[in-house]
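[1] Here is a sequence together with a model predicted from it:
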Amino acid sequence: MKRTIILIIVALFTIIQPSYAAEDAPFTIQADNHIIFDEEKGIIKAAGNVIIEMEPDSIRADQIQIDLNTEIIKAKGNIILKNEEREMTGVALEYDYRKEEGEIFESETQEGKVTFFGETVNFRQDDIILEETSLTPCENTDEPHYRLSAEKITVYPEDKLIAEGVYLWINERRIMPLPRYKQSLKEGEEDKHAIPQPQVGYSEADGLYVGVDYYHFITQGFGGDISATATTNETSRIDLDYLYQPSDSLKIDPRLYYHQDYGLEAYLNLENKFGESTASDFEGRYYIERDDDESDYRERKWLGRWNLQTELLGNQLNLNLKQAHDDEAMEEAITYGNSWDDYYWQLEANRNLDVNRRPELSLGINNRDLGDGNLLSAGVKVGEIEEGEVEARREQLSLEFENRGKKISDSTELYWAGRVEDSYYSNEDNYRNYAFNLGANQRLGPTDLNIDYRYYDEIGESPFEFDRLTDEHIGRRDYLSGSWRGQHQVTDSLDFDWQVQGARRTYEGDEEKGREEKEYNSYGYRTGVGYEINDYHQLNLGYRYQEYSGSTPLSGDEVDYTSHVEGSYRFQTNERVYPYSDVEIDAGYDLKEGELSRLQYSLIREFDCFSAQVGVDQVKREVNFGLELKY
């Protein structure tokens with residue numbers, strides 16, 4: 001059959017009266033059967049696989065009628081409406097091509113990963129409203145195990161959807177009503193518990209328990225997470241964490257947490273902005289302090305904190321106030337300053353803190369790029385300082401130079417950093433501390449080698465503990481460490497990785513201060529094997545060992561002895577065919593203690609739109625069951 005084409009862009013200016021013509025006609029029409037133009041009424045009719053092109057949108061239908069006076073398109077039969085964001089199908093359509101809005105009947109459309117079915121769908125530039133509709137929140141299935149029905153759904157493209165009058169259906173049986181339902185349509189953003197997620201299980205702490213997690217949507221900008229658990233060991237709890245954000249300038253975040261064993265706690269965070277340069281942040285807490293080592297210890301406390309940021313005479317002013325129930329006075333801190341490029345200056349004053357400034361002036365440069373990856377920082381601080389009962393004027397100079405990665409060759413990289421800080425006090429004390437770091441990363445075939453050296457030293461005396469690099473009884477120390485590791489694919493199904501590392505720490509002695517020279521050495525290694533038995537079975541085995549000798553005056557430098565074996569086994573049926581199973585066993589054995597450190601089993605049964613799971617932790621003596629709906 002001969003295809004008929006009318007170019008409306010030309011025709012509107014040549015044969016249509018000015019009363020119907022737009023300034024720039026927006027579409028062209030193609031049809032297999034006929035196109036009829038009634039010039040007197042300003043109506044175009046077409047039939048037979050009609051295609052209307054409205055760049056970048058298009059409409060396909062069996063029959064169409066266009067009223068050039070009202071700028072309305074009416075179409076019937078096998079409707080396909082396409083635009084940049086989505087494709088909608090239906091049996092009939094009414095569309096205002098100027099406003100780019102209308103309604104489509106008995107429609108199916110997809111927004112993100114959600115498919116909708118609606119008797120009537122009203123769509124506009126900013127949103128889509130569906131009435132008496134249902135949606136399938138999961139994708140890649142023709143016959144989903146569950147769906148949601150709704151009296152009304154409002155879709156904000158590329159943002160979110162809101163459903164009202166919602167019911168959950170499983171295998172076409174109406175199970176339960178749901179409060180207002182919200183789901184994000186933003187790329188990469190996951191919703192938390194838009195449908196209630198139940199858990200059932202047993203643990204030593206809770207005994208038998210049943211719980212649920214749910215995101216409660218109330219209105220646009222107001223919603224929150226609900227987590228509730230009922231137990232047999234009097235540890236039942238409920239957590240209500242809400243957020244109210246009516247505008248970009250106001251955010252209120254209240255939270256209530258109740259635990260059956262120790263009572264109610266409350267939190268409130270309030271953030272608001274005034275204009276372009278002023279922001280306020282208030283936090284209030286009414287909570288119970290507990291001690292894991294003393295089960296009967298309970299102390300109810302409160303805390304209030306308020307921060308204000310604003311601009312004054314072109315500079316940034318920050319005010320911070322804080323008080324807790326056991327504070328004798330409110331902590332107060334104020335800073336005033338500015339920064340541009342890499343330069344900065346700041347005045348800081350505070351009182352009722354552990355360290356008070358009255359006030360202190362700081363100025364300098366921060367991470368100034370000198371080229372070739374070299375960064376320079378330098379600063380000076382001058383002011384009256386108070387710490388405990390000690391008060392003195394301090395003048396402090398600091399200089400730091402670093403390069404975070406200098407390529408020497410394709411396989412060699414060096415890095416270094418050095419810092420020196422001098423402090424002069426009005427009580428005639430002088431104090432200097434150094435810190436230096438030099439390291440190299442070397443690629444050796446399929447392996448990586450790292451050598452790292454660190455040096456710390458301090459000279460003189462300081463009246464302030466917070467100024468010192470470490471405790472005054474430590475002195476100079478050197479760290480030399482290295483590691484060598486590799487990852488190897490032995491065969492297509494066998495992977496092998498390993499690492500060895502060692503460190504030597506030396507601490508300077510000082511007879512006058514009664515300090516002995518100390519040395520602390522540590523070394524260890526780990527290895528792991530991953531074997532893919534076939535497409536459905538995977539096995540992983542590993543071993544870790546760590547040893548040390550000597551002693552260290554710094555607890556943070558200590559390395560704990562470890563001898564640990566671990567392994568896991570996973571069995572997974574064909575994940576391309578629903579339903580499929582995923583079974584995993586994860587175990588670890590501590591050779592030092594002679595006991596299991598971890599033994600966990602999990603079984604997950606994956607369906608197209610939901611998964612059922614059971615988990616067992618033999619060491620912690622826990623069992624849990626869960627059901628997760630995918631959306």
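    Looks like it came in fine. Numbers count the residues shown, from 1 in each chain.
[2] is the closest residue to residue 469 other than its chain neighbours in a bridge, and if so with what?
    Of all residues not flanking residue 469 in the chain, residue 433 sits nearest, at 4.1 Å (C-beta to C-beta, 6 or more residues apart in numbering). Placement of C-beta: from N, CA and C, glycine included. Using DSSP bridges, the beta-bridge partners of residue 433 come out as residue 421, residue 458.
[3] which residues touch residue 433?
    Residue 433 is in contact with 420, 421, 456, 457, 458, 459, 468, 469, counting by C-beta atoms under 8 Å, 6 or more residues apart in numbering.
[4] Then residue 245?
    Residue 245 touches 221, 222, 251, 252, counting by C-beta under 8 Å, 6+ apart.
[5] As a markdown table, these with pLDDT and neighbour count would be great.
    Formatted as a markdown table, these follow (pLDDT from 0 to 100; neighbours: other C-beta atoms under 10 Å):
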| residue | pLDDT | neighbour count |
| --- | --- | --- |
| 221 | 83 | 12 |
| 222 | 89 | 14 |
| 251 | 96 | 17 |
| 252 | 97 | 16 |
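[6] Relative to residue 447, which of the residues you listed is nearest.
    Closest approach to residue 447 among the contacts of residue 245 (C-beta to C-beta): residue 251, at 50.0 Å.
[7] Mind listing what's buried along the host helix or strand of that closest one?
    Assessed by DSSP states H and E, residue 251 sits inside strand 250-259. Under the neighbour-count criterion of 16 or more other C-beta atoms under 10 Å, strand 250-259 has 251, 252, 253, 254, 255, 257, 259 buried.
[8] Let me have these in CSV, extended by distance to residue 216.
    Converted to CSV, the buried residues of strand 250-259 look like this (distance: C-beta to C-beta, whole Å):
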residue, distance to residue 216
251, 17
252, 16
253, 14
254, 13
255, 13
257, 16
259, 20
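[9] Most widely separated two among those?
    Greatest spatial distance in the buried residues of strand 250-259: 251 and 259, 26.6 Å, computed using C-beta to C-beta.
[10] hang on, the earlier thing: other residues contacting the strand holding residue 251?
    Residues from elsewhere that reach strand 250-259, judged by C-beta under 8 Å, 6+ apart: 235-245, 264-273.
[11] C-alpha coordinates for the very next helix or strand once past that strand, CSV please?
    Per DSSP H and E, strand 250-259 leads on to strand 263-274 as the next helix or strand towards the C-terminus. The C-alpha atoms that make up strand 263-274 are tabulated as CSV, following Å, rounded to 0.1, in the frame of the first residue of the first chain:
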residue,chain,number,x,y,z
GLY,A,263,14.5,3.1,78.5
LEU,A,264,14.0,5.9,76.0
GLU,A,265,16.6,8.0,74.3
ALA,A,266,15.9,11.1,72.1
TYR,A,267,18.0,13.0,69.5
LEU,A,268,17.2,16.1,67.5
ASN,A,269,19.3,17.8,64.8
LEU,A,270,18.1,21.1,63.3
GLU,A,271,19.8,22.7,60.3
ASN,A,272,18.7,25.9,58.6
LYS,A,273,20.1,28.5,56.3
PHE,A,274,19.5,32.2,56.2
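[12] Chain neighbours aside, what residue packs nearest to residue 346?
    Nearest one to residue 346, counting by C-beta to C-beta, 6+ apart, is residue 337 at 3.2 Å.
[13] looking at it, the one you found is touching residue 345, isn't it?
    Yes. At 5.2 Å, residue 337 counts as touching residue 345 under the criterion of C-beta atoms under 8 Å.
[14] Next, residue 283: phi, psi?
    Main-chain dihedrals, residue 283, degrees, to the nearest 10: phi -130, psi 130.
[15] thought it was touching residue 304?
    Yes. Residue 283 lies in contact with residue 304 (C-beta under 8 Å); the separation is 7.3 Å.
[16] quick one: low-confidence parts of the stretch 1-150 of the chain?
    1-26, 84-85, 111-116, 125-127, 131-132, 134-145 (pLDDT under 70).
[17] need the strands for it, in chain order.
    Residue ranges of the strands in the stretch 1-150 of the chain, as given by DSSP state E, counting those that start in this stretch, are 4-6, 28-31, 34-38, 43-54, 57-67, 72-82, 87-96, 101-111, 114-123, 128-136, 146-156.
[18] Kindly export the longest one (C-alpha atoms) in CSV.
    In this case it means strand 43-54. Taking C-alpha atoms only, strand 43-54 is exported to CSV below (Å, rounded to 0.1, in the frame of the first residue of the first chain):
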residue,chain,number,x,y,z
ILE,A,43,-8.7,19.1,11.6
ILE,A,44,-6.3,16.4,10.3
LYS,A,45,-7.3,12.8,10.3
ALA,A,46,-5.1,9.8,9.4
ALA,A,47,-5.4,6.0,9.5
GLY,A,48,-3.1,2.9,9.0
ASN,A,49,0.1,2.7,11.1
VAL,A,50,0.1,6.5,11.7
ILE,A,51,3.4,8.0,12.9
ILE,A,52,3.6,11.5,14.2
GLU,A,53,7.1,12.8,14.6
MET,A,54,7.6,15.7,17.1
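[19] which residues of this structure fall in helices?
    Using DSSP state H, the helices assigned to the chain run over residues 8-14.
[20] Report the central residue of it.
    Residue closest to the average C-alpha location in the chain (C-alpha atoms, centre = their mean): residue 189, at 9.3 Å.
[21] tell me, how many neighbours does residue 174 end up with?
    Residues within reach of residue 174, counting by other C-beta atoms under 10 Å, total 10.
[22] try residue 398
    Residue 398: 17 surrounding residues under other C-beta under 10 Å.
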